[in-house]
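# After the sequence you'll find the predicted model.
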Amino acid sequence: MDDENEAPTETPDVSDLMDRLESLEAHVDSPEALEAVQEAMETASELEQNRGGTFGRVIRGFDRADAAEAGIGGALFAVPMVVEGGTYDVGAFVATHPIHLLATVVATVATVYGILYVAEIQDVRVKDPLFGLIPRRLAGVVTISFAVTAAIFTGWGQAQWTSDPWLTLCVVGVAWAPTAVGAALGDILPGS
């Protein structure tokens, strides 16, 4: 029996439809057909959004609502880092061991990437990557979470940008790791 005649093992959903439409989008030649496929993808995405529920949605693009969700999620995780004394101890350590700061940054970006694209908490699709390579959602989440961390540390008088900028950058960098996780979760959990 060939594969085409076998009954599917799972019921197809909007994610499967999006996979097929994205495959079709890559093979369409005419601008009119490409526009039609993209409109079908938008319609499928809207259907998914209207379906309800928090998990299992197809998420495309990165807009102001996503940025706000990332900022709120990041702030929820940043506040405890500001008042926790251990953050300063770890920041002081990585200030004297730059390879550890680099490892922290790489691990943070990798963790955010994993939450957004690998863990399959939601079906997150890359749309219009920056420079054709960097997913906008990843760039947005890591940038917003770092800005939120720096702003909270600065606003609460815990950042010494003028007297010791390197140590401050390291402390903020250490606090940014959990903040970025909070931002990633804050962004994708609402399912938009």
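Happy to help now that I have it. Residues are numbered from 1 along each chain as shown.
# Distance check, residue 141 against residue 32.
35 Å (C-beta to C-beta, to the nearest Å). No exception for glycine: its C-beta is placed from N, CA and C like everyone else's.
# Show me which of these two is the more surrounded one.
residue 141 (33 against 9; other C-beta atoms under 10 Å).
# same for the helix or strand hosting residue 109, what does it pack against?
Using DSSP states H and E, residue 109 falls within helix 98-113. The helices and strands touching helix 98-113, judged by 3 or more C-beta pairs under 8 Å, 6 or more residues apart in numbering; DSSP states H and E, are helix 85-96, helix 136-155, helix 165-188.
# Lowest average confidence across helices and strands of this structure, where is it?
strand 58-60 (a mean of 63; mean pLDDT, DSSP states H and E).
# following it, which helix or strand comes up?
With secondary structure assigned by DSSP H and E, strand 58-60 is succeeded by helix 64-83.
# so where's the protein shaky on pLDDT?
Applying pLDDT under 70 to the chain flags the ranges 1-17, 44-61, 121-124, 190-192.
# Extract the C-alpha trace of stretch 173-180 and format it as PDB.
Only the C-alpha atoms of stretch 173-180 are listed here, as PDB (Å, rounded to 0.1, in the frame of the first residue of the first chain):
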ATOM      1  CA  GLY A 173      24.400  40.900  31.900                       C
ATOM      2  CA  VAL A 174      24.100  38.300  34.700                       C
ATOM      3  CA  ALA A 175      20.600  39.600  35.600                       C
ATOM      4  CA  TRP A 176      19.700  39.700  31.900                       C
ATOM      5  CA  ALA A 177      19.900  35.800  31.700                       C
ATOM      6  CA  PRO A 178      16.700  35.100  33.700                       C
ATOM      7  CA  THR A 179      15.100  38.300  32.500                       C
ATOM      8  CA  ALA A 180      15.500  37.100  28.900                       C
END
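# hmm, who's touching that stretch?
74-75, 77-78, 81-82, 87, 90-91, 94, 101, 104-105, 107-109, 111-112, 141-142, 145-146, 148-149, 153 (C-beta atoms under 8 Å, 6 or more residues apart in numbering).
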